[in-house]
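Q: Here is my input, please return the structure:
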Amino acid sequence: MDKYRGPLDAEERAALEQLVNVGKGAARKLIHARVLLLADTSPGDERPATAIVRSLGISLRTVERVRRRFVTEGLPAALDHRPQPARPGEIRITGDVERKLIQLACSDPPEGRCHWTLQLLADERVVLGLVDRVSVEAVRQALKKTPASPGSSRPGVSRRTPMPSSSGAWKT
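A: Residues are numbered from 1 along each chain as shown. The predicted structure is shown next:
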């Protein structure tokens, strides 16, 4: 952690103190500003990371991460929340590909298997060249929305069981 120690210049220190004194803003941003103020090496009263952890009630890893981002990327990057990487777009299974998936799921399973699993269906679709790649979750969602449900006369709903009479009559 000694590798990521850096002094704040006067402008940065003033901006951080202003941010902390106003106290309005995202909690994470305020904590990061406090970490940088306490970790500042220029005033001479340098605090160890354990003292910062105790005074702010955060983890040692957070102190290390904020210091590293300040030294390598600058003050704005150290203060602001780093957004999570974008999730890959969902591969929607529709149309002809969906129809072929349902046909495959209703067909006999491969040799040595008693039924199709989601992983087997996903792998078979890639082998057949229907798609380049597909996740098991996409296969599950496509099969879940199909109206065909084996063993049920009504799609997607279990059969109703007869309810006892609610007429209030005593049975003897």
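Q: now do the same end-to-end measure for stretch 36-56.
A: 12 Å (Cα to Cα, to the nearest Å).
Q: which outside residues touch that stretch?
A: With Cβ atoms under 8 Å, 6 or more residues apart in numbering as the test, stretch 36-56 has contacts from 1, 5-9, 12-13, 16-17, 20, 31, 34-35, 58-60, 63-64, 66-67, 70, 75, 78-79. C-betas here are computed from N, CA, C, even on glycine.
Q: With adjacent residues omitted, what lies nearest to V131?
A: On the basis of Cβ to Cβ, 6 or more residues apart in numbering, the spatially nearest residue to V131 that is not a chain neighbour turns out to be R125, at 5.6 Å.
Q: Tell me the spacing between the one you found and R34.
A: Distance from R125 to R34, counting by Cβ to Cβ, to the nearest Å: 52 Å.
Q: Likewise for A15?
A: Remark: distance between A15 and R34 (Cβ to Cβ) = 13 Å.
Q: Repeat that for H115.
A: According to Cβ to Cβ, H115 and R34 sit 57 Å apart.
Q: Then V22?
A: As judged by Cβ to Cβ, V22 and R34 stand 13 Å apart.
Q: Who has more neighbours out of those two?
A: R34 (18 against 9; other Cβ atoms under 10 Å).
Q: Just confirm the more buried one contacts L19, I think it does.
A: No. Counting by Cβ atoms under 8 Å, L19 is not a contact partner of R34; they are 9.4 Å apart.
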